[in-house]
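A.B. asks: Sharing a model prediction with you, sequence too.
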Amino acid sequence: MFSIANYFRKNLPTSTNLVKISKNLNIEDSTECVRREWKKQLEKKNPSLAYALFNAFKGYTILTIIFMGFLQNAYAISPIYVKFLIDYLEDDDADTWVGVV
């Protein structure tokens, strides 16, 4: 770790002496995609940056919305499940299916 710091103290970082960025961390492809979508939006009567960003990152946006929706529902529903569990544990004559729910 310190050898890298010492090296860059003596030599300024440039594109030739830096470590190559992996393909999935490189944002140049993403910026090109956003620029391409923005050019499409500029051809329209009312361009929208939100639509351009959505079209550029459509797959990631949909996955994020699905996961966020699931997590928000889990936060909202968890107190109901806790109430069902408490009711089941308090009642000695409760049916088995009540504890499963």
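C.D. replies: In hand now; what should we look at? Everything numeric here is computed off the predicted structure, so don't read it as measured data. Numbering: from 1, shown residues only.

A.B. asks: and the helix or strand where residue 5 lies, how far out from the chain's middle?
C.D. replies: Element membership for residue 5 (DSSP states H and E) is helix 2-10. Counting by CA atoms, centre = their mean, to the nearest Å, helix 2-10 is centred 34 Å from the centre of its parent chain.

A.B. asks: Then stretch 32-44?
C.D. replies: On CA atoms, centre = their mean, the centre of stretch 32-44 falls 23 Å from that of its chain.

A.B. asks: Buried residues, that stretch. List them.
C.D. replies: 34, 37, 38, 41 (16 or more other CB atoms under 10 Å). Placement of C-beta: from N, CA and C, glycine included.

A.B. asks: ok, now stretch 44-54?
C.D. replies: Counting neighbours by 16+ other CB under 10 Å, the buried set in stretch 44-54 is 52, 53.

A.B. asks: For it, which outside residues touch it?
C.D. replies: Residues from elsewhere that reach stretch 44-54 (CB atoms under 8 Å, 6 or more residues apart in numbering): 34, 37, 38, 40, 41, 61.
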